[in-house]
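**Student:** Structure for this input, please:
(chains A and B)
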Number of protein chains: 2
Amino acid sequence: MGRVYNFAAGPATLPLPVLEKAKDEFLEYGSTGMSVMEMSHRSKMYLEIYQQTEAVFRSVMDIPEDYAVLFLAGGATGQFAAIPMNLLPEDGIADYVDSGNFAHGAAVEAKKYGNVHIIASSREDNYVHIPVIDASMLDADAAYLHITTNNTIFGTRYLSLPETGNVPLVADASSNILSESYDIRKFGVMYAGAQKNIGPAGMAVVIVRKDLLGHARNSTPKIFDWAKQAEADSMVNTPSTYTIYLAGLCLEWVKAQGGIAALEKVNIEKAALLYDFIDNSKLFKGTADKAYRSRMNVTFVTGDPETDNDFVKAAANAGLLNLKGHRLVGGIRASIYNAMPIEGVKKLVDFMKEYEAKHV
Amino acid sequence: MGRVYNFAAGPATLPLPVLEKAKDEFLEYGSTGMSVMEMSHRSKMYLEIYQQTEAVFRSVMDIPEDYAVLFLAGGATGQFAAIPMNLLPEDGIADYVDSGNFAHGAAVEAKKYGNVHIIASSREDNYVHIPVIDASMLDADAAYLHITTNNTIFGTRYLSLPETGNVPLVADASSNILSESYDIRKFGVMYAGAQKNIGPAGMAVVIVRKDLLGHARNSTPKIFDWAKQAEADSMVNTPSTYTIYLAGLCLEWVKAQGGIAALEKVNIEKAALLYDFIDNSKLFKGTADKAYRSRMNVTFVTGDPETDNDFVKAAANAGLLNLKGHRLVGGIRASIYNAMPIEGVKKLVDFMKEYEAKHV
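**Tutor:** Here you go, the predicted structure:
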């Protein structure tokens, strides 16, 4: 079939020009006589790709020199363990906000390594909103405060960052990094699994303020030791060389679109198209509180699980794929990351209109 | 330029038919309307790729049902930590054989997690041979014995496996898996980084006898918990979906070549071509003890580091790339994994002949 619109939550659709470029140079990169995936990670030709990827990442996100940028194996879930290993003293305390399934998972993983204090949670409310946080809730001596800027499963997003004073803010931005502007200087650490807005699956990017490096526990696996990885350009172990190359192509694409600010405008427009339709629909109903709606993951239901499933199947037959909600919550979810063109969202809205006309 | 012969130690050359097939289906896999790297890891279309990859891996390596097969992030270096986390009780003891740099690194990493006993080492002899091991050297209550079946940097290889009785044998086979026949039943665990004989970088395969599962420490990062990963088909976290797909293509290629036994014959022939020439050369001299020579990594020197460097450069100009020895040892190294065609080895020998004629 022709190219579908793929609304998967991650691994997710990638920009077509990126895929086309990668295909063009798949067998031979430049005039090197080999594929990128065959290059020694220590070779001059590969190191140029690596350095270019880091440079464009720093450029599009405006990451200053006092932050290290790491490309590590194991995705965000690997970092759920790496964060306390690198930041939490054995007798320290880490504050977590529980705003969704992965936020919860990050805290559960961190509990293996020390004292974790969940200072706010929307779990009792099925995570339909972001819990209110104010500075007084933080432990004064917390090693860090961990938040999840966008909740992929529940379709919610922080409107503003919590004020944390001297406590470093650590953010899992897996599902909205590169989709909206953040001032990285407000974060101690921002990290993200690659498989939504950065590239293919199998990697995490970690942006860490350099003064936070060097405190890893002795029991930290060396592939997770941020200071060692920062010193070694993420090559303590052989990195995911091809994934890094593809991330570089995606980042170049972000730049070519006008950077994050330009994409953010389109993302706001894409999300508004869907939410506006949902809010006026007689069949579909958004599941997240309006104030906290995600621009990346739009979650909704018909109110009847069978109709939800029928809709997902009918949409797939029309070339609109992977609209099924996460298995934990059911319903319908349209993930509309940077690489989802506005035409895809329009087509989805048109299809929802048609479907509604037949079913109401 | 045309396709070079790439003698890199890893990431390494891949079979050209594999690259060509992957290129053909890069933009669209089958009639799915998307690239493999855009597929949700939970989608039916991707699970078929995953299951097929595991099935062909089990088939070519004759892995019985009482072994789990895992595809994990972080390469062999990640597993250096995962092994004691999964197998070594806090008060237990793990035996290690120190036969090279990565064997040593595996032991150093394991020491973070408990008592490590290096029962034999060839470090004092610059790792030019595999240390002699007999059953009496093992700690009777050792949780496991760890060996490195092929030493990538020094170009050595075990001729036979140590007898370990009831102590599980754990083997890092990163640089010779799939290149020679092993009876997996003799191992408690065999693991390997993907980037030599399995596929691109960024993944480890772990083959583990199921009775060894379920003893991971509480402090094990969940992405490294073998039992949880075995239950979840390596999807506790989002796996390296595209790397697994490419590993599947490489494994299908192994099968199409006649399987491991057929490749082993060619590998013996390839190594003999090089070693025979070296042994009769007036310029080049092998660095590993003859009895323990690797079939995958052929290490040699001219006796003069400047001439070594000049040779490596001249060879690169002739389309024979990445012959530089590892930075720890210098000299020259030709890595001739499964994907290096015998023509590449012949071309290298011819070039060495010419070079010798000019320089002796």
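**Student:** Please make it C-alpha for all contacts and neighbour counts, starting now.
**Tutor:** Fine.
**Student:** right, and A:Arg333 touches A:Arg295 too?
**Tutor:** No: using CA atoms under 8 Å as the test, A:Arg333 is too far from A:Arg295 to be in contact (11.8 Å).
**Student:** which residues in chain A form strands?
**Tutor:** For chain A, strands defined by DSSP state E occupy the ranges A:5-6, A:67-73, A:93-98, A:115-121, A:145-148, A:150-151, A:156-157, A:169-172, A:189-193, A:203-209, A:285-286, A:297-301, A:320-321, A:332-335.
**Student:** what separates stretch A:135-153 from the chain centre, distance-wise?
**Tutor:** Centre-to-centre, stretch A:135-153 and its host chain are 17 Å apart (CA atoms, centre = their mean, to the nearest Å).
**Student:** Flag every buried residue along it.
**Tutor:** Residues of stretch A:135-153 classed as buried under the neighbour-count rule (16 or more other CA atoms under 10 Å in any protein chain shown) are A:138-139, A:142-153.
**Student:** In CSV, list these along with distance to A:Gly303 and pLDDT.
**Tutor:** Shown next, in CSV, are the buried residues of stretch A:135-153 (distance: CA to CA, whole Å; pLDDT from 0 to 100):
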residue, distance to A:Gly303, pLDDT
A:Leu138, 38, 96
A:Asp139, 41, 95
A:Ala142, 42, 97
A:Ala143, 43, 98
A:Tyr144, 40, 98
A:Leu145, 36, 98
A:His146, 33, 98
A:Ile147, 30, 98
A:Thr148, 28, 98
A:Thr149, 27, 98
A:Asn150, 24, 98
A:Asn151, 21, 97
A:Thr152, 20, 97
A:Ile153, 18, 96
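**Student:** now those residues as TSV including distance to chain B?
**Tutor:** Below are the buried residues of stretch A:135-153 laid out as TSV (distance: CA to the nearest CA, whole Å):
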residue	distance to chain B
A:Leu138	26
A:Asp139	24
A:Ala142	21
A:Ala143	19
A:Tyr144	19
A:Leu145	20
A:His146	18
A:Ile147	19
A:Thr148	17
A:Thr149	19
A:Asn150	18
A:Asn151	16
A:Thr152	14
A:Ile153	14
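**Student:** between the residues you listed, which is nearest B:Asn176?
**Tutor:** Of all the buried residues of stretch A:135-153, B:Asn176 sits closest to A:Thr152, with 40.8 Å by CA to CA.
**Student:** tell me the domain ranges of chain A?
**Tutor:** A:17-256, A:258-359 (automatic domain parsing).
**Student:** B:Ala81: which of those is closest?
**Tutor:** In terms of CA to CA, the element of those nearest to B:Ala81 is domain A:17-256, at 5.6 Å.
**Student:** Show the end-to-end separation of that closest one, please.
**Tutor:** Its start and end residues considered, domain A:17-256 measures 11 Å (CA to CA, to the nearest Å).
**Student:** Same question for stretch A:64-82.
**Tutor:** Using CA to CA, the end-to-end distance of stretch A:64-82 comes out at 23 Å.
**Student:** List the buried residues for that stretch?
**Tutor:** Neighbour count says stretch A:64-82 has A:67-82 buried, by 16+ other CA under 10 Å.
**Student:** now swap in stretch A:301-311 and tell me
**Tutor:** Judged by neighbour count using 16+ other CA under 10 Å, the buried positions of stretch A:301-311 are A:301-302, A:308-309, A:311.
**Student:** ok so, going back, winner for burial among the domains of chain A?
**Tutor:** For the domains of chain A, the largest average neighbour count (mean count of other CA atoms under 10 Å in any protein chain shown) is found in domain A:17-256, namely a mean of 21.
**Student:** Compute the distance between the closest residue to A:Val60 other than its chain neighbours and A:Val56, please.
**Tutor:** In this structure, A:Val60 finds its nearest non-sequential neighbour in A:Gly259, 6.0 Å apart by CA to CA, 6 or more residues apart in numbering or on different chains. Distance, A:Gly259 to A:Val56, by CA to CA: 10 Å.
**Student:** List just the nearest of the buried residues of stretch A:301-311 to chain B.
**Tutor:** Closest approach between the buried residues of stretch A:301-311 and chain B, by CA to the nearest CA: A:Asn309, at 15.0 Å.
**Student:** contact partners of the lengthiest helix in chain A?
**Tutor:** Assignment by DSSP state H gives helix A:259-279 as the longest helix of chain A. With CA atoms under 8 Å, 6 or more residues apart in numbering or on different chains as the test, helix A:259-279 has contacts from A:60-61, A:178-181, A:254, A:257, A:284-286, A:295-296, A:298, A:300, A:336-338, A:342, A:345-346, A:349.
**Student:** overlap between the buried residues of stretch A:64-82 and the residues near chain B?
**Tutor:** Restricting those to those adjacent to chain B (criterion: CA under 8 Å from any CA of the partner chain) gives A:73-75, A:77-78, A:81.
**Student:** so of these, which ones are in helices?
**Tutor:** Checking these against DSSP H, those in helices are A:75, A:77-78, A:81.
**Student:** wait, which of those residues is closest to A:Tyr242?
**Tutor:** Nearest to A:Tyr242, judged by CA to CA, of those is A:Gly75 at 14.9 Å.
**Student:** ok, back up a step: looking at the domains of chain A, which is nearest to B:Asp24?
**Tutor:** Between B:Asp24 and the domains of chain A, the tightest spacing by CA to CA is seen for domain A:17-256, at 8.4 Å.
**Student:** Against B:Glu343, how distant is the residue lying closest to A:Tyr46 once chain neighbours are set aside?
**Tutor:** Excluding its sequence neighbours, the residue lying closest to A:Tyr46 (CA to CA, 6+ apart) is A:Met39, at 6.2 Å. Applying CA to CA, the value for A:Met39 to B:Glu343 is 20 Å.
**Student:** Show me the shaky parts of chain A.
**Tutor:** Applying pLDDT under 70 to chain A flags the ranges A:1.
**Student:** Give the closest residue to A:Phe71 in space, chain neighbours not counted.
**Tutor:** Nearest residue to A:Phe71, sequence neighbours excluded (CA to CA, 6+ apart): A:Val205, at 4.7 Å.
**Student:** looking at the sheet around that neighbour, what are its partners?
**Tutor:** Beta-bridge pairing for A:Val205 (DSSP bridges): A:Phe71, A:Ala192.
**Student:** rewinding a little: tabulate the ones next to chain B among the buried residues of stretch A:64-82 (a markdown table), appending distance to B:Asp279.
**Tutor:** Listed next are those as a markdown table, based on distance: CA to CA, whole Å:
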| residue | distance to B:Asp279 |
| --- | --- |
| A:Ala73 | 42 |
| A:Gly74 | 44 |
| A:Gly75 | 47 |
| A:Thr77 | 51 |
| A:Gly78 | 48 |
| A:Ala81 | 51 |
